[in-house]
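[1] Here's a sequence, model it:
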Amino acid sequence: MCELCNKKHAVTYELIKECPRSGARLGKLHTPHGTFDTPMFMPVGTQATVKTISPEELYDMKSQVILANTYHLFLRPGHELVKKAGGLHKFMNYKRGMLTDSGGFQVFSLGAMRKITEEGVMFRSHIDGSKQFLSPEVSTHVQEALGADIAMAFDECIPYPSDFDYTKRSTERTTRWAKRCLEAHTREDQSLFGIVQGGMFPELRKLSCQQLTEMDFAGYGIGGLSVGEPKPMMYDILGQTTVHLPKNKARYLMGVGTPDCLVEGVNLGVDMFDCVFPTRVARNGTAMTHTGRLVVRNAIYAEDWRPIEEGCDCYTCRNFSRAYIRHLFKAEETFGLRLLSIHNLHFILKFAEEMRMAIAGDYFPEFRANFLANYKG
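    Below you'll find the model as predicted:
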């Protein structure tokens, strides 16, 4: 029950098991479009599509929840058109869980094209240069029209490094915006997650957690990490954040998608992850494996008849060699980037499943140690 708006949550988290030797958690995320296992990785479908991948292929990979981008869909094709289509699920024909971000990340990534005030953020559209305004109320209204199971509160994702004074002002504003999102949110078959900010300052992270948990969101995103800081710093701040979040709510580390970050995040109590990394590097000819990145465009693979990764049961590895995929990239054939996208998404979704099995079987610390010992980044 949300204390601020007096509504029951449409999305709930069920804690199944905690690892006794780490912070890892096994759980279930209950949504209007199904119940899904955590820890989970969520493929990103920025513009209502996971690039080059069909919904049926996502189902085959055991994809559960996917993301779409509020800012991009607000600009094109427009949230009202998506609403007329019956919402994102019908518009893109994806029948499982869905989450929309708030547009807050674009406050960070489009820094040269926006102006922040207490009321909201004025953007210059990256499409046509037109002025566009997003506020907590506008973002919430757009996400209600898009109709995903989970909407995210509008926040400011600040860059690294940022000084204490600016971080404090920004974090306090994010808290005020979170309250406005809750007050604006009315859709009963959709839940709202708050987003913890606070930069690289533990005391501000703690304050943000305390203020947001008092509002009783359905779950909590952890924002403002993986924005350029060293990984050891990210893990330190993450560990000093999750300890202040309730055990009965989902914890979502936003924008993180490499397997080393996933295993460390799970070790620190994270339940949900998302990132464009698997499909983005696939389009550049890079495959993800348990030992690190494999750049299949390299000449050493010209006569390599092995699959991308031995033992992988994805469509790509069952049917095609490194040599063939390298040929496709050299010939600029789009099938190559599709094959690597299929492999990379299958890999990271399977990796999340392996972590769930390790938690269930009480060997997650050993799983983590073995993986990190062999992973070269």
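
[2] Tell me the pLDDT of the residue nearest to residue 366 when sequence neighbours are not counted.
    Across the structure, with Cβ to Cβ, 6 or more residues apart in numbering as the measure, the residue nearest residue 366 apart from its sequence neighbours is residue 358 (7.7 Å). Bear in mind the C-beta positions are built from the backbone N, C-alpha and C, glycine included. Model confidence at residue 358, given as pLDDT, is 98.

[3] Same question for residue 105.
    As summarised for this prediction, residue 105 has a pLDDT of 86.

[4] What count of nearby residues applies to it?
    The criterion is other Cβ atoms under 10 Å. On that basis, residue 105 has 22 neighbouring residues.

[5] Please apply the same query to residue 95.
    The tally of other residues near residue 95 (other Cβ under 10 Å) stands at 12.

[6] Buried by neighbour count: which residues of the helix or strand where the residue nearest to residue 366 lies qualify?
    Residue 358 belongs to helix 334-360 when assigned by DSSP states H and E. Neighbour counts over helix 334-360 (16 or more other Cβ atoms under 10 Å) mark 336-352, 355-356, 358-359 as buried.

[7] pLDDT (mean, whole number) over the strand or helix carrying residue 168?
    Of the helices and strands defined by DSSP H and E, residue 168 is found in helix 164-184. Across helix 164-184, pLDDT averages out at 98.

[8] Residues contacting it, please?
    With contacts defined as Cβ atoms under 8 Å, 6 or more residues apart in numbering, helix 164-184 is touched by 2, 4-5, 102, 118, 135-137, 139-141, 153-156, 158, 162, 192, 194-195, 197-201, 204, 207-208, 211-212, 215, 217.

[9] out of the residues you listed, which are inside helices?
    Assigned to helices by DSSP state H, the following of the contacts of helix 164-184 qualify: 136-137, 139-141, 204, 207-208, 211-212, 215.

[10] Show the buried residues in these.
    136-137, 139-141, 204, 207-208, 211-212, 215.

[11] List just the nearest of those residues to residue 51.
    Of all those, residue 51 sits closest to residue 139, with 23.7 Å by Cβ to Cβ.

[12] If you drop the residues flanking it in sequence, what lies closest to that closest one?
    For residue 139, the spatially nearest residue (Cβ to Cβ, 6+ apart) is residue 154, at 4.1 Å.

[13] tell me the contacts of residue 15?
    25-27, 247-248.

[14] contacting residues around stretch 275-284?
    Under the criterion Cβ under 8 Å, 6+ apart, external residues in contact with stretch 275-284 comprise 41, 43-44, 46, 50-53, 255-258, 288, 293, 337, 340-341, 343-345, 347-348.

[15] mind redoing it with 7 Å?
    Stretch 275-284 has contacts (Cβ atoms under 7 Å, 6 or more residues apart in numbering) with 44, 50-51, 255-258, 288, 337, 340-341, 344-345, 348.

[16] Now distance to residue 238 and pLDDT too, for those residues, in CSV please.
    Supplementary listing: the contacts of stretch 275-284 in CSV, determined by distance: Cβ to Cβ, whole Å; pLDDT from 0 to 100:
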residue, distance to residue 238, pLDDT
44, 20, 98
50, 26, 98
51, 28, 98
255, 12, 96
256, 9, 97
257, 15, 96
258, 14, 98
288, 21, 98
337, 32, 97
340, 29, 98
341, 28, 98
344, 24, 98
345, 24, 98
348, 19, 98
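
[17] Present the residues you listed as JSON lines; the columns should include distance to residue 171.
    Putting the contacts of stretch 275-284 into JSON lines (distance: Cβ to Cβ, whole Å) gives the following:
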{"residue": "44", "distance to residue 171": "25"}
{"residue": "50", "distance to residue 171": "32"}
{"residue": "51", "distance to residue 171": "33"}
{"residue": "255", "distance to residue 171": "18"}
{"residue": "256", "distance to residue 171": "20"}
{"residue": "257", "distance to residue 171": "25"}
{"residue": "258", "distance to residue 171": "26"}
{"residue": "288", "distance to residue 171": "34"}
{"residue": "337", "distance to residue 171": "39"}
{"residue": "340", "distance to residue 171": "39"}
{"residue": "341", "distance to residue 171": "36"}
{"residue": "344", "distance to residue 171": "34"}
{"residue": "345", "distance to residue 171": "34"}
{"residue": "348", "distance to residue 171": "30"}
